[in-house]
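Engineer: Got a predicted model here, sequence first, then my questions.
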Amino acid sequence: MASGKQKWRHGSAYKKWHNLVLLNAGYKCELCNSTKKLQAHHIDSASYFKEERFVVSNGICFCKSCHKSLHILYKQGYRKKTTKKDLKYFLALAKRYMSLGKKQRTV
């Protein structure tokens, strides 16, 4: 069992929320369409917006790679408290990057 602030992540409500977020996304990353290593991300931080913690519409499905990229962009690992505004910016940036040809992506 987890200790400290993240104990709620191991309960049945979290597991149900996680599974419903993935189901709503059709078991695909909502950014790159990967079906591997899927994770549910809270759109508005579950730590700051506790009342939204298990609301399915407050979740988005990412593969592990896209999820990690979001948090790297905000430079604080998996503990950065992101918001809808942060997510909107990240998705726009990532989709623009993915639309570039391979040669354009390299520096």
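Structural biologist: Right, received. Where do you want to start? Computed from a predicted structure; not experimentally measured.
Engineer: Quick one: residues in contact with stretch 52-64.
Structural biologist: By CB atoms under 8 Å, 6 or more residues apart in numbering, the list of residues contacting stretch 52-64 from outside reads 8, 13-14, 16-18, 20-22, 24-25, 27-32, 34-44, 46, 49, 70, 87. (Each C-beta comes from the backbone N, C-alpha and C, glycine too.)
Engineer: Strands - which of those land there?
Structural biologist: In this view, the contacts of stretch 52-64 that belong to strands under DSSP state E are 38-42.
Engineer: Quick one: buried ones out of the contacts of stretch 52-64?
Structural biologist: Using 16 or more other CB atoms under 10 Å as the burial test, the contacts of stretch 52-64 include 14, 17-18, 20-22, 25, 28-31, 38-44, 46, 49, 70, 87 as buried.
Engineer: how about the helices of the protein, start to end?
Structural biologist: 12-24, 64-73, 84-99, 102-105 (DSSP state H).
Engineer: Of those, flag the one that's most buried.
Structural biologist: Most buried of the helices of the chain, by mean neighbour count (mean count of other CB atoms under 10 Å): helix 64-73, with a mean of 17.
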